[in-house]
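>>> output the structure for:
(2 chains)
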There are 2 protein chains.
Amino acid sequence: MAVKPVVRIGLLGLGTVGTGVAKVLMRSKEKLERNVGAKLELARVADKDLARPRDIQLPAEILTDDALKVVHDPSIDLVVELIGGIMPAKLYIMEAIKARKHVVTANKALLAECWDEIVKAARENGVEVYFEAAVGGGIPIIQSISEGLAANRIEAVYMIINGTSNYILTRMDRDGKSFSEALKEAQKKGYAEADPALDIGGGDAAHKLAILSSLAFETTVSLKSIFVEGIQDLTPQDFAYAREEFGYVVKLLAIAKLVGEEGKGEQLEVRVHPTLIPESHLLASVEGAYNGIYVVGDAVGSTMFYGLGAGQMPTASAVVSDILYVARSIAYGVAGRAGWGPFGDIPLQTVSLPVRPIEAVVTRYYMRLTCLDKPGVLAQIAEILGRNQISIAGVVQKERRSGDKVPVIILTYEARERDMQKALKEIHGLDAIKGKTLIIRMEKGE
Amino acid sequence: MAVKPVVRIGLLGLGTVGTGVAKVLMRSKEKLERNVGAKLELARVADKDLARPRDIQLPAEILTDDALKVVHDPSIDLVVELIGGIMPAKLYIMEAIKARKHVVTANKALLAECWDEIVKAARENGVEVYFEAAVGGGIPIIQSISEGLAANRIEAVYMIINGTSNYILTRMDRDGKSFSEALKEAQKKGYAEADPALDIGGGDAAHKLAILSSLAFETTVSLKSIFVEGIQDLTPQDFAYAREEFGYVVKLLAIAKLVGEEGKGEQLEVRVHPTLIPESHLLASVEGAYNGIYVVGDAVGSTMFYGLGAGQMPTASAVVSDILYVARSIAYGVAGRAGWGPFGDIPLQTVSLPVRPIEAVVTRYYMRLTCLDKPGVLAQIAEILGRNQISIAGVVQKERRSGDKVPVIILTYEARERDMQKALKEIHGLDAIKGKTLIIRMEKGE
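Predicted coordinates for the structure are as follows:
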């Protein structure tokens, strides 16, 4: 019944994930073809270094070091881009789209940077672009947002979406390691890159937040509209205070939520930063290299999707599920019709939701101040906070053990970021305050 | 581009969930139609009692008290069955299938009882049957198993899949309530039916396990092959012992897992029973009326899907997501082709995986024995266990406070169910053993 009994796949990039994809396509061929209702043929594979040793055997005649040969091969139905980075991956994807080939990619940086451009090209050329692996690795979150939860108006998304930083935070929390010790351990385990800036600085989480929130809220969230703060200033003491004194856990969260009233003056908050969440929240139990994506919809209520956000085989699982989905559409001759694919229901003329600037965001705060241990300091701090409309919900100051400085931890009630920044400037002007004050924003989740 | 610009929906059953579905279809019409790429028309609605008060207004001319009129209306493309129970729901669904209408249903009992019959009828008549709401309420687990994780060989599924019993267990665990107090509370909150037998006895969980494991393992799991044990014999003391002495939590789990070697002598374990799982396992954090579905695949590793498993709007969220999915296929003229829908990749001539009988299952056990407090009892018990190849991993016996009986808690290493049952028979023959011994099977998850 299929109009196209064989779907021919071109694979760009035979690195870790590409090799995993080829493995899955070969070892589960029969089950996958049953799922699609057509034959799947890994027809051409491009990699710039064909001599690299790999734990997979592919027929020499399908290999090439020229990705454009694959993209321009008229017999290829579907291009799978697993090179990563902006260039030359973007060139290959845009060429594939122009050649009316459907695309599967795991390239979160490219999608986050060039969302509008890719949506537009895909729609104009009647092709589909799938990217399940770009957010949350093996977790089927893109499909769940686009289809499984499609009956909902999405109200909020809270994500632990960078496995490397979550691994580091878990080690700091559970074993009292310092940030740099935990980072070294993550690098030794292969979780962190030699240059871990994107992971620990929050940039990788911001890429994924831009993609998922663009889909979930049917808008275009630009990377530069996302407020981003990394985990490098946290200390094991912050975890101990948060957990033991107040019952909270510290996680790097990527947050997108609708604020303001529906219809009038609605805004989107999009931010990535270390966050205190209650120990009893399900996201607090997402540990180590795992990801957790907590989605709140107006009909479904609270849901969470959990799994490995990176690694060869989890990522391959997501890439192959995309291949199956688009291959089925190709086999039955409906690929590229409006209504299909994750871009399917995004109107071409997107009206972007306004993003609330960080200064206007209202949250609770955890503050860690380093003070000289002398009379009247706490009174001065409390006075400044009060004058800036910030109410104190809890204070912990332990007896000084050594030196002349002592950490003071303050939990506030809800306050506006602008007021907090103003208060911090004043507090840093006090003689008794030594060093930078750390603030961690708080969320109760839902 | 759609070949069918309007998809006409017939709804059977305007109870709680049916009303929720009608609400979502009306309030989010524009977004839903954008998702489908065609108009959605709620064309006919049948309910046996049209006089019932409802918080929704529908045009009188689309209402009828005769479901067969809807099923046989040639202008209806898609029948949504939300009546529940076997009869007459089965009649309506089979008539709809024979009339070549696609079906969306939330009817877990029917699917669990008549899986083969429905799959066969659907395939013979070239229609699709969708049932996202039948397992896990609003959680998109059916689609995730059929599509999002389709690249995987599923190895195991561990589910907290009955919200009522999980609510009861959470109250017993967190507040020390007795089973009957917690059940009354669940009934007062509207979670438990007046006759809660299906929820607390494990029957409802078995229905859902039959459906999900049939899909996940591409087999037919009959209800009667599932070992089922309910939660009625648990006491708050079991929760306290499990958590405080051993670091475990008690949950009603529905478990399906492949055992034995791939290719030779592979079997499926399918069972529903109270289970000790480690406090650190993510399923241990699934509390109250929530569901958690933990799926292990060969590529993706461990994943979990979490959300509300019941209730008007969460269930409506799943039903409407099914409506959108099949409506898109109808609009583009591909509905009913092989390869589409959750039955799409199930071979018609299914070779059923053999189910491992419960006697052959190997697990660890928690045992609570009630003994007379006199010398030598523990030695007698240990001797019987040892003789039956059961090794003791831990024992707790607290000092007696009152009366002459004392509970003895034993954790065993892995043992075969057959040996455990034999040992229990011998133990119950001891003079010093009073009352029934409770056993709770243990799982470490993965």
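
>>> what's the longest helix along chain A packed up against?
Taking DSSP state H as the assignment, the helix of chain A that covers the most residues is helix A:312-331. Packing partners of helix A:312-331 (3 or more CB pairs under 8 Å, 6 or more residues apart in numbering or on different chains; DSSP states H and E): strand A:6-12, helix A:16-27, helix A:29-36, strand A:78-81, strand A:102-105, strand A:129-130. Quick note: C-beta positions are derived from backbone N, CA and C, even for glycine.

>>> save the ones you listed as JSON lines, and put in distance to chain B, mean neighbour count and mean pLDDT too.
Shown next, in JSON lines, are these (distance: least, CB to the nearest CB, whole Å; neighbours: other CB atoms under 10 Å in any protein chain shown; pLDDT from 0 to 100):
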{"stretch": "strand A:6-12", "distance to chain B": "11", "mean neighbour count": "24", "mean pLDDT": "97"}
{"stretch": "helix A:16-27", "distance to chain B": "5", "mean neighbour count": "21", "mean pLDDT": "96"}
{"stretch": "helix A:29-36", "distance to chain B": "4", "mean neighbour count": "18", "mean pLDDT": "90"}
{"stretch": "strand A:78-81", "distance to chain B": "13", "mean neighbour count": "28", "mean pLDDT": "98"}
{"stretch": "strand A:102-105", "distance to chain B": "12", "mean neighbour count": "28", "mean pLDDT": "96"}
{"stretch": "strand A:129-130", "distance to chain B": "11", "mean neighbour count": "26", "mean pLDDT": "94"}
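
>>> dump the ones you listed to CSV, plus distance to B:V334.
Output for the helices and strands packed on helix A:312-331, formatted as CSV (distance: least, CB to CB, whole Å):
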stretch, distance to B:V334
strand A:6-12, 15
helix A:16-27, 24
helix A:29-36, 13
strand A:78-81, 18
strand A:102-105, 16
strand A:129-130, 18
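
>>> of all those, which lies closest to B:L198?
helix A:29-36 (32.9 Å; CB to CB).

>>> helix A:16-27 and the closest one, what's the angle between them?
With axes from the mean of the first three to the mean of the last three CA atoms, to 10 degrees defining the directions, helix A:29-36 sits at 90 degrees from helix A:16-27.

>>> okay, the helix or strand following helix A:29-36 in PDB with CA atoms only?
Next in sequence after helix A:29-36, counting helices and strands by DSSP states H and E, comes strand A:39-46. Written as PDB, here are the backbone C-alpha positions of strand A:39-46 (Å, rounded to 0.1, in the frame of the first residue of the first chain):
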ATOM      1  CA  LYS A  39      12.100  -0.800   3.500                       C
ATOM      2  CA  LEU A  40      14.700   1.500   5.000                       C
ATOM      3  CA  GLU A  41      18.000   1.700   3.200                       C
ATOM      4  CA  LEU A  42      21.100   3.500   4.600                       C
ATOM      5  CA  ALA A  43      22.000   4.500   1.100                       C
ATOM      6  CA  ARG A  44      24.900   7.000   1.500                       C
ATOM      7  CA  VAL A  45      27.100   8.100   4.500                       C
ATOM      8  CA  ALA A  46      29.400  11.100   4.500                       C
END
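
>>> now for strand A:39-46, which elements pack on it?
strand A:6-12, helix A:16-27, helix A:29-36, strand A:63-64, helix A:67-71.

>>> so A:V326 makes contact with A:T105?
No. A:V326 is not in contact with A:T105 according to CB atoms under 8 Å; the separation is 11.3 Å.

>>> which residues are in contact with both of the two?
The contact sets of A:V326 and A:T105 overlap at A:Y130 (CB atoms under 8 Å, 6 or more residues apart in numbering or on different chains).

>>> find the nearest non-adjacent residue to A:G85, please.
Of all residues not flanking A:G85 in the chain, A:A109 sits nearest, at 6.3 Å (CB to CB, 6 or more residues apart in numbering or on different chains).

>>> residues contacting that neighbour?
Counting by CB under 8 Å, 6+ apart, A:A109 makes contact with A:G84, A:G85, A:I86, A:H207.

>>> over to A:V319?
A:V17, A:G20, A:V21, A:V80, A:L82, A:V104, A:A106, A:E132, A:A133, B:A151.

>>> my read is the last one is in a strand, agree?
No. If the criterion is DSSP: H, G, I helix; E, B strand; the rest coil, then B:A151 is coil and not within a strand.

>>> give me the number of residues near the nearest residue to it once chain neighbours are set aside?
Nearest residue to B:A151, sequence neighbours excluded (CB to CB, 6+ apart): A:V320, at 3.5 Å. By the measure other CB atoms under 10 Å in any protein chain shown, the count of residues near A:V320 is 30.

>>> now the one 10 residues further on
Neighbours of A:I330 under the rule other CB under 10 Å: 25.

>>> ok, it to A:I323 distance?
10 Å (CB to CB, to the nearest Å).

>>> got it, and A:V7?
Taken as CB to CB, the span from A:V7 to A:I323 is 8 Å.

>>> just A:A51 next, same as before
Note on A:A51: its distance to A:I323, by CB to CB, is 27 Å.

>>> between those two, which one's more packed in?
Using other CB under 10 Å as the criterion, A:A51 and A:I323 rank with A:I323 on top: 28 against 7.

>>> where does A:Q397 fall, phi/psi-wise?
Dihedral angles of A:Q397 (phi, psi; degrees, to the nearest 10) stand at phi -130, psi 120.

>>> number of nearby residues for it?
15.

>>> and what of A:A331?
27.

>>> what does A:G403 give?
Neighbour tally, A:G403, other CB under 10 Å: 8.

>>> is it correct that it falls within a strand?
No. Counting by three-state DSSP, A:G403 is not part of a strand but coil.

>>> state the distance from it to chain B.
37 Å (CB to the nearest CB, to the nearest Å).

>>> got a list of what that residue touches?
The contact partners of A:G403, by CB under 8 Å, 6+ apart, come to none.

>>> for the one 3 residues further on, same thing?
When contacts are counted by CB under 8 Å, 6+ apart, A:V406 is found next to A:T370, A:C371, A:L372, A:D373, A:Q397, A:K398, A:R400.

>>> ok, back up a step: out of the helices and strands packed on strand A:39-46, flag the one nearest A:Y248.
That would be, of the helices and strands packed on strand A:39-46 and by CB to CB, helix A:16-27, which comes in at 35.4 Å.

>>> elements contacting the closest one?
For helix A:16-27, the packing partners by 3+ CB pairs under 8 Å, 6+ apart come out as strand A:6-12, strand A:39-46, helix A:312-331.

>>> alpha carbons of that helix, as PDB, please.
Taking C-alpha atoms only, helix A:16-27 is exported to PDB below (Å, rounded to 0.1, in the frame of the first residue of the first chain):
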ATOM      1  CA  THR A  16      29.600   9.000  18.000                       C
ATOM      2  CA  VAL A  17      25.900   9.600  17.400                       C
ATOM      3  CA  GLY A  18      26.100   8.800  13.700                       C
ATOM      4  CA  THR A  19      27.700   5.400  14.400                       C
ATOM      5  CA  GLY A  20      25.000   4.800  17.000                       C
ATOM      6  CA  VAL A  21      22.300   5.500  14.400                       C
ATOM      7  CA  ALA A  22      23.800   3.200  11.900                       C
ATOM      8  CA  LYS A  23      24.000   0.500  14.500                       C
ATOM      9  CA  VAL A  24      20.400   0.800  15.400                       C
ATOM     10  CA  LEU A  25      19.300   0.800  11.800                       C
ATOM     11  CA  MET A  26      21.200  -2.400  11.100                       C
ATOM     12  CA  ARG A  27      20.500  -4.400  14.300                       C
END
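
>>> which SS state does the residue nearest to A:G85 fall under?
Criterion first, three-state DSSP; result for A:A109: helix.

>>> just A:D199 next, same as before
Per three-state DSSP, the secondary structure class of A:D199 is helix.

>>> quick one on the thing from earlier: check what pLDDT the residue nearest to A:G85 gets.
Turning to A:A109, the model gives it a pLDDT of 94.
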